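*Asks:* Test case, fold it:
(one chain, ligands or ions: 2)
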Amino acid sequence: MLVGSGGREHALAWAFSASPLVSKLYCAPGNAGMANIAECVPIDAMALERLAAFAKEKRIDFAVIGPEGPLVAGLADILEAAGIRTFGPSAAAAVLEGSKGYVKDLCAEYGIPTAAYKRCASAAEAKAYARTQSLPLVVKADGLAAGKGVVIAETVAEVDAAIESMFGGTFGAAGEELVIEEFMVGEEASFFALTDGVNILPLAGAQDHKRVFDGDKGPNTGGMGAYSPAPVLTPDIQQEIVSRIVQPTVDAMRRRGTPYIGVLYAGLMITAQGPKLIEYNCRFGDPECQVLVLRLKSDLLPALIAARDRLLDTVDLRWHDDVAITVVMAARGYPGTYSKGTEIRGLDQAGEIEGVEIFHAGTEARGGRILATGGRVLNVCATGIDIGEARARAYEAVARIDWPEGFCRSDIGWRAVARGLA
Ligand code: AMP
Ligand code: GLY
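*Replies:* Ligands and ions are numbered 1, 2, ... in the order given. Take a look at the predicted model:
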């Protein structure tokens, strides 16, 4: 059973459906793309008790939880308590995504490189601290805010406005405490590792594009595209990320009695002083997961099972040398307001292009038609021998998709392209 309904979950479902270990795959709630390769059941990812009841009724052998919401709310604990073997951290360990302040304190205690910071429980305290620091400053709501709880403030007035807005309830309970951070300069990258609480199996690196428009302009989104590998993550830097950031975190969580078991997603800034942690997520990245699974030669599922069974040291994963890219097609207006229910055509023709795989992120099938139901709607993915080939294939597929109400960025992968030309 796979929990979730986004592009990340379609990509995972695609990987699982190719595994010889799987005789039946349920997705809750899934989407129109996942319905082609699995049985979708209409249970919301946050309906924790209903998911557990369903898993028991169907005697699910293994559950994988995609999104952070149910993980932070304790779905892994509930499923395990019901006797369902589950991949995904406990609520106590998912605090690595659920509380930014918790992570900052952990970094301070173990010397993990990250931005200087202060946790603040009141607006007065936050404003006073901000006045002792140089600008720009980063203001973050402590809890889950769907990627929207971060403000990079260039002036004291912007800092104050962010502080007031967060304590004023813009992010509900997530904003009852906030973190003020030093602004780090560098190139961002995402790094993923499986862990069973003791052992660490690094996966691969990726870069995503968080801003909505070309040239990394406009508001932040959940991610408008991604590619893997990330050229900035050289083997040396990856080793440093594991030894200085991921390993001490996994060790600390185990020592604290809340071992982290699952996939740990480290959002990093590669600075002149080396890699520094921006934040942790307790799940695969979306859309980074889509490019990771396309580059994975080995079956992913046995690795997830081994992590759950504390046997990760027995696993070895093989990767394709190919580059993978994903271009997100979103509904016009995203990340603001957008219309739902518009029809998408041409997906079959687009999917015929060599190396192309299309994952659905926010779709619904109705009467043989595919309708857009979300902000991020499609992940048009492609592999190729280099970023140029992968990118050309993905954008050729985008051109074949007939969806006037959708849009995408036209420059996904620009950093990798720029490096290739340098
Ligand atoms: P987060 O939700 O913590 O990943 O933050 C969202 C985005 O804000 C990140 O992807 C970065 O682009 C940016 N950001 C967050 N913290 C910092 C920081 N301390 N310095 C520079 N940029 C940051
Ligand atoms: N792509 C960013 C995220 O999954 O949080």
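*Asks:* Every contact and neighbour count from this point should use C-alpha atoms.
*Replies:* Noted.
*Asks:* pLDDT below threshold where in the stretch 1-150 of the chain?
*Replies:* Along the stretch 1-150 of the chain, the model assigns pLDDT under 70 to residues 147.
*Asks:* Residue numbers of the stretch 201-350 of the chain in contact with ligand 1?
*Replies:* Residues of the stretch 201-350 of the chain found near ligand 1 (CA under 6 Å from any ligand atom) are Ile278, Glu279.
*Asks:* can you tell me how far whichever residue of the stretch 201-350 of the chain sits closest to ligand 2 sits from Glu154?
*Replies:* Closest approach between the stretch 201-350 of the chain and ligand 2, counting by CA to the nearest ligand atom: Gly285, at 3.4 Å. Gly285 is 28 Å from Glu154, where distance means CA to CA, to the nearest Å.
*Asks:* Which one of those two is surrounded by more residues?
*Replies:* Taking neighbours as other CA atoms under 10 Å, Gly285 and Glu154 compare with Gly285 leading, 28 against 14.
*Asks:* The more buried one reaches Tyr265, doesn't it?
*Replies:* Yes: assessed by CA atoms under 8 Å, Gly285 is found in contact with Tyr265 at 6.9 Å.
*Asks:* Now do the contacts for the residue nearest to the spatial centre of the chain.
*Replies:* The residue lying closest to the centre of the chain (CA atoms, centre = their mean) is Gly285, at 1.8 Å. Shown in contact with Gly285 (CA atoms under 8 Å, 6 or more residues apart in numbering): Arg8, Tyr265.
*Asks:* quick one: secondary structure of it?
*Replies:* Three-state assignment for Gly285 (DSSP: H, G, I helix; E, B strand; the rest coil): coil.
*Asks:* Kindly provide the distance from the residue of the stretch 201-350 of the chain closest to ligand 2 to Val315.
*Replies:* Plainly put, Gly285 is 22 Å away from Val315 if you go by CA to CA.
*Asks:* Please name the bridge partners of Ile180.
*Replies:* Listed beta-bridge partners, Ile180: Lys118, Val139 (assigned using DSSP bridges).
*Asks:* burial of the nearest residue to Gly88 once chain neighbours are set aside, as a residue count?
*Replies:* Excluding the flanking residues, the one nearest Gly88 by CA to CA, 6 or more residues apart in numbering is Gly262, at 4.6 Å. Neighbour count of Gly262, defined by other CA under 10 Å: 27.
*Asks:* Over stretch 398-417, what's the mean pLDDT, rounded is fine.
*Replies:* Stretch 398-417 shows a mean pLDDT of 95.
*Asks:* actually stretch 207-217, not the one I typed
*Replies:* For stretch 207-217, the per-residue pLDDT values average out at 94.
*Asks:* What is the end-to-end distance of stretch 51-67?
*Replies:* 14 Å.
*Asks:* Run a quick neighbour tally on the closest residue to Val95 other than its chain neighbours.
*Replies:* Spatially, and ignoring its direct neighbours in sequence, Val95 is nearest to Val72 (6.7 Å; CA to CA, 6+ apart). As a burial measure, Val72 scores 22 neighbours (other CA under 10 Å).
*Asks:* Ok, Gln349 next?
*Replies:* Around Gln349 there are 11 residues (other CA under 10 Å).
*Asks:* since we're on Ala53, how many residues are nearby?
*Replies:* 13.
*Asks:* residues touching it, list them.
*Replies:* Counting by CA under 8 Å, 6+ apart, there are no residues that Ala53 touches.
*Asks:* List the buried residues in whichever strand or helix holds it.
*Replies:* Using DSSP states H and E, Ala53 falls within helix 48-57. Buried residues in helix 48-57, counted by 16 or more other CA atoms under 10 Å: Leu48, Leu51, Ala52, Phe54, Ala55.
*Asks:* what does stretch 303-321 give?
*Replies:* Result for stretch 303-321 [16+ other CA under 10 Å]: buried residues Ala303, Leu304, Ile305, Ala306, Ala307, Arg308, Arg310, Leu311, Leu312.
*Asks:* what does stretch 329-336 give?
*Replies:* Neighbour-count burial for stretch 329-336 [16+ other CA under 10 Å]: Met329, Ala330, Ala331, Arg332, Tyr334, Pro335.
*Asks:* just stretch 7-26 next, same as before
*Replies:* Neighbour-count burial for stretch 7-26, counted by 16+ other CA under 10 Å, picks out 7-17, 25-26.
*Asks:* Switch those residues over to a markdown table; also include secondary structure.
*Replies:* Formatted as a markdown table, the buried residues of stretch 7-26 follow (three-state DSSP):
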| residue | secondary structure |
| --- | --- |
| Gly7 | helix |
| Arg8 | helix |
| Glu9 | helix |
| His10 | helix |
| Ala11 | helix |
| Leu12 | helix |
| Ala13 | helix |
| Trp14 | helix |
| Ala15 | helix |
| Phe16 | helix |
| Ser17 | helix |
| Leu25 | coil |
| Tyr26 | strand |
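*Asks:* quick check, nearest of the residues you listed to ligand 2?
*Replies:* Arg8 (8.6 Å).
*Asks:* if we can go back for a sec, helices - which of the buried residues of stretch 303-321 land there?
*Replies:* Members of the buried residues of stretch 303-321 lying in helices (criterion: DSSP state H): Ala303, Leu304, Ile305, Ala306, Ala307, Arg308.
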